[in-house]
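Student: next comes the sequence, and after it the predicted model I'd like to discuss.
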Amino acid sequence: MASEVRMTLPTQLVLRTLLDRPDQELYGLELSAAAGLASGTLHPILARLERLGWLRSRWEELDPHEAGRPRRRYYSLTPDGAEKARIALARASSSVDRLRALRPGLSGGSA
Amino acid sequence: MTGAGEDGRQPVPAVWPLSMGGHQSAPKVTDDVVVRVLAGLRSTGGASGMFPRHPSSRGPLPRRVPGSNPMHLPPWAGPHAPLPVARDAASIAQHASYYFRGYQAGARVAVQSVGTPAAVLPSPVIVPLPESGRRSSRVRTPATIASAMRLVGVVLRFIPEVERPRYGEEFRAELAELRGLRQLAYAARLLVSAPALRRSLREDPLGGKGGGWWPFAG
């Protein structure tokens, strides 16, 4: 269905990382390190989530010439995005649980 | 060379010899422009100031003394006379800092050409020299920065033009936090995922028209 979002594992990792830090804004490199993802994998996911309205981003308030480095782009979940992310993650984890129930050896043994 | 004239001046030759690569030869008649120029010079004679009235090899060459200017300046030179050349290491080191300022200015120009006026490139890495008799530090711009920046430039060409300034600055900010080969690895990963980023920015995020396989599928 076009209106539903099927979550890949990297997307779930990004959303879980952001949900674990509701009051914290993270920039790309920080987020990829926290989620355990490669930097290249992260930006397409962030772009999609931002276009969906689940994420918002803003520039770091900093004068690049004074700081001697470019401004970072900080990402955080919107309130609506956080709610949708929780629902989507719960649905994704229940799907994994159903899969584990069908094939117990698939995920590396019984938990 | 011809001898001096009656008034002691060097006579002006009928045809000025051409010097090409140390070999002197008469000008070709077919080269009309050269002939005309030489004719004009000949008509002005020694008064034009382009040719010395007296041969410079008459006496011994002035002895060069470091720090002093052996050139005899005309009185009208006045305050415009060049100052004696001073070669002290402290002065040279003081003015060499402009070289590195030039690097940063050039880096800003490079960023502006991509389209992000407020962004700057990562500062040069200060690499201390290994322990030796001369203890100093120097600023070095490793080739990895330049290579990584080139890769980021390629990535930016993949994505829609309107998004390039934003992602250009974002990628450079993350690149500035890495060092050495990590910068190159970061840029290479960005390049690998550039088509996915392009799709994410151009297509329906819910996977409408054939582009929902990454990172979502409808």
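Tutor: Sure, I can see it.

Student: do you know how far B:Leu73 is from B:Pro79?
Tutor: Relative to B:Pro79, B:Leu73 is positioned 11 Å away (CB to CB, to the nearest Å). Heads up, the C-betas are built off the backbone N, CA and C, glycines and all.

Student: so for those two, which sits in the more crowded spot?
Tutor: More neighbours surround B:Leu73 than the other of B:Leu73 and B:Pro79, with 11 against 4 (other CB atoms under 10 Å in any protein chain shown).

Student: does that one count as helix, strand or coil?
Tutor: Secondary structure, DSSP: H, G, I helix; E, B strand; the rest coil: B:Leu73 is coil.

Student: quick check, central residue of chain A?
Tutor: Among the residues of chain A, the one closest to the centroid is A:Val14, at 2.1 Å (CA atoms, centre = their mean).

Student: mean confidence for the helix or strand containing that one?
Tutor: According to DSSP states H and E, A:Val14 maps onto helix A:9-20. In this model, helix A:9-20 has a mean pLDDT of 93.

Student: give me the contacts around that helix.
Tutor: Applying CB atoms under 8 Å, 6 or more residues apart in numbering or on different chains, the contact partners of helix A:9-20 are A:7, A:26, A:31, A:34-37, A:41-42, A:45-46, A:48-49, A:54-55, A:75-77, A:82, A:85-86, A:88-89, A:92, B:215-216.

Student: now a ChimeraX select for only the buried ones of the residues you listed.
Tutor: Typed into ChimeraX, the line below selects the buried ones among those, using 16 or more other CB atoms under 10 Å in any protein chain shown:
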select /A:7,26,31,34,35,37,41,42,45,46,48,49,54,55,75,76,77,82,85,88,89,92 /B:215,216
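
Student: where do the helices sit along chain A?
Tutor: With helices called from DSSP state H, chain A shows them at A:9-20, A:28-35, A:39-52, A:64-67, A:79-102.

Student: buried stuff in the helix holding A:Val14?
Tutor: A:10-15, A:17-18.

Student: now do the SS call for B:Leu61.
Tutor: B:Leu61 ends up coil, using three-state DSSP.

Student: what about chain A, any weak spots by pLDDT?
Tutor: Filtered on pLDDT under 70, chain A yields the residue ranges A:1-6, A:95-111.

Student: would you say B:Ala39 is within a strand?
Tutor: No: secondary structure of B:Ala39 (three-state DSSP): helix, not part of a strand.

Student: count of neighbours near it?
Tutor: Neighbours of B:Ala39 (other CB under 10 Å): 11.

Student: contact partners for the closest residue to chain B within chain A?
Tutor: Residue nearest to chain B within chain A: A:Gly40 (3.3 Å; CB to the nearest CB). Contacts for A:Gly40 (CB under 8 Å, 6+ apart) come out as B:189-193.

Student: rerun that using 6 Å as the cut-off
Tutor: Residues in contact with A:Gly40 (CB atoms under 6 Å, 6 or more residues apart in numbering or on different chains) are B:189-190, B:192-193.

Student: measure A:Val14 to A:Thr8 for me?
Tutor: Taken as CB to CB, the span from A:Val14 to A:Thr8 is 10 Å.
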